[in-house]
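K.L.:
What follows is a protein structure lacking sequence information:
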């Protein structure tokens, strides 16, 4: 008797429907039906409106604040488990709480580890995510983790710009590995920004390690939150003689006055993915969809084929 892998279905949390629809379209299946019943006090309950017994389910949900997104995902995983889904893959384009990956001072939690345990306890059998804030977060899981890199979608766009005298820059010391990886594929120089903070999201001083005069610079980071670091870096680089400054940031959190800072900065362009929906449009922000990447890798996972070709870093 021949064995056929059960079909797959794709579902989404309420705040990630925009991305899940694109992923499902690229994958070649309709987005699954799930409803959320809400009580007057704010409590909610997800319900799958079609059978998932014996199937692989992909649950698409970026866990950006508020915490309702994470809670929706946990409840959907539990519901899928109790509905006898065969495989439950949590597709988390943006893995929230990832900045809490260690104890950086006394009496604080390791939030990323807690989220990992919550997902596994709920019943996730596989995790698929993109550009984690810290690679070691994969080690918080006992289940398989497919850690995808947005470089596979950013690099073609960067090459299409046809920039000569290109330099890749990291906005901080922690992102130097990512910057060197991009520079390897683009055969470019690397510059590192050294910054000191007064407090979270507030920069005191910033210095450049490397030369940017007469160069087109592209800053590379995994996320952009308030935009202060990138705006400051762009201003410093233009003052140092850079011809232009662009930025590539996978996850556009863009909180507070981020949009205003980007608009008023010397940045020529900010290139992001749609892992998090933009709150408003901006002429300076270019969105490159990550849906084709996730759809392709989900196909590979479903068909039990290698995904190593998707790792450029």
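P.N.:
Yes, it's here. Nothing here was measured: the structure is a model prediction, and the numbers come from that model.
K.L.:
Next secondary structure element downstream of the lowest-mean-pLDDT helix or strand in the chain?
P.N.:
The helix or strand of the chain with the poorest confidence is strand 202-209; it has a mean of 74 (mean pLDDT, DSSP states H and E). Where DSSP states H and E defines the elements, the next helix or strand beyond strand 202-209 is strand 216-224.
K.L.:
Give me the helices and strands touching the helix or strand that contains residue 71, please.
P.N.:
Assessed by DSSP H and E, residue 71 sits inside helix 68-82. Helices and strands touching helix 68-82, by 3 or more Cβ pairs under 8 Å, 6 or more residues apart in numbering; DSSP states H and E, are strand 44-48, strand 56-60, strand 87-92, helix 111-122. Where you see a C-beta, it was placed from the backbone N, CA and C, and this is true even at glycine.
K.L.:
ok, and for that helix, which residues are buried?
P.N.:
69, 70, 71, 72, 73, 74, 75, 76, 77, 78, 79, 80 (16 or more other Cβ atoms under 10 Å).
K.L.:
Reformat the helices and strands packed on helix 68-82 as JSON lines; add mean neighbour count.
P.N.:
Formatted as JSON lines, the helices and strands packed on helix 68-82 follow (neighbours: other Cβ atoms under 10 Å):
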{"stretch": "strand 44-48", "mean neighbour count": "16"}
{"stretch": "strand 56-60", "mean neighbour count": "26"}
{"stretch": "strand 87-92", "mean neighbour count": "26"}
{"stretch": "helix 111-122", "mean neighbour count": "18"}
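K.L.:
What pLDDT is listed against the residue nearest the centre of the chain?
P.N.:
Taking Cα atoms, centre = their mean, the centroid of the chain lies closest to residue 94, which sits 3.6 Å from it. Per-residue pLDDT puts residue 94 at 98.
K.L.:
now it: how far from residue 223?
P.N.:
To residue 223, residue 94 is 8 Å away according to Cβ to Cβ, to the nearest Å.
K.L.:
can you list residues touching both of the two?
P.N.:
The contact sets of residue 94 and residue 223 overlap at residue 251 (Cβ atoms under 8 Å, 6 or more residues apart in numbering).
K.L.:
Quick check: pLDDT value at residue 65.
P.N.:
89.
K.L.:
again with the one 5 residues further on
P.N.:
Model confidence at residue 70, given as pLDDT, is 98.
K.L.:
Spit out the contact partners of the closest residue to it other than its chain neighbours.
P.N.:
Nearest non-adjacent residue to residue 70, counting by Cβ to Cβ, 6 or more residues apart in numbering: residue 63, 4.4 Å away. Going by Cβ under 8 Å, 6+ apart, residue 63 touches 69, 70, 73, 92, 94, 95, 96, 97, 115.
K.L.:
pretty sure the last one contacts residue 69?
P.N.:
No - using Cβ atoms under 8 Å, residue 115 is not in contact with residue 69, being 11.3 Å away.
K.L.:
Mutual contacts of those two, please.
P.N.:
The contact sets of residue 115 and residue 69 overlap at 63, 96 (Cβ under 8 Å, 6+ apart).
K.L.:
what about residue 151, distance to residue 85?
P.N.:
32 Å.
K.L.:
More neighbours: the two, which one.
P.N.:
residue 85 (24 against 21; other Cβ atoms under 10 Å).
K.L.:
In which helix or strand does residue 168 reside?
P.N.:
Using DSSP H and E, residue 168 falls in strand 166-170.
K.L.:
For that strand, name the packing helices and strands.
P.N.:
helix 176-186, strand 189-199, strand 216-224.
K.L.:
Just send those back as TSV, with distance to residue 280 and mean pLDDT too.
P.N.:
As requested, these are exported to TSV (distance: least, Cβ to Cβ, whole Å; pLDDT from 0 to 100):
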stretch	distance to residue 280	mean pLDDT
helix 176-186	27	92
strand 189-199	27	79
strand 216-224	15	97
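K.L.:
Pick the most buried one from the ones you listed.
P.N.:
strand 216-224 (a mean of 24; mean count of other Cβ atoms under 10 Å).
K.L.:
Quick one: name whatever helix or strand follows that one.
P.N.:
helix 228-239.
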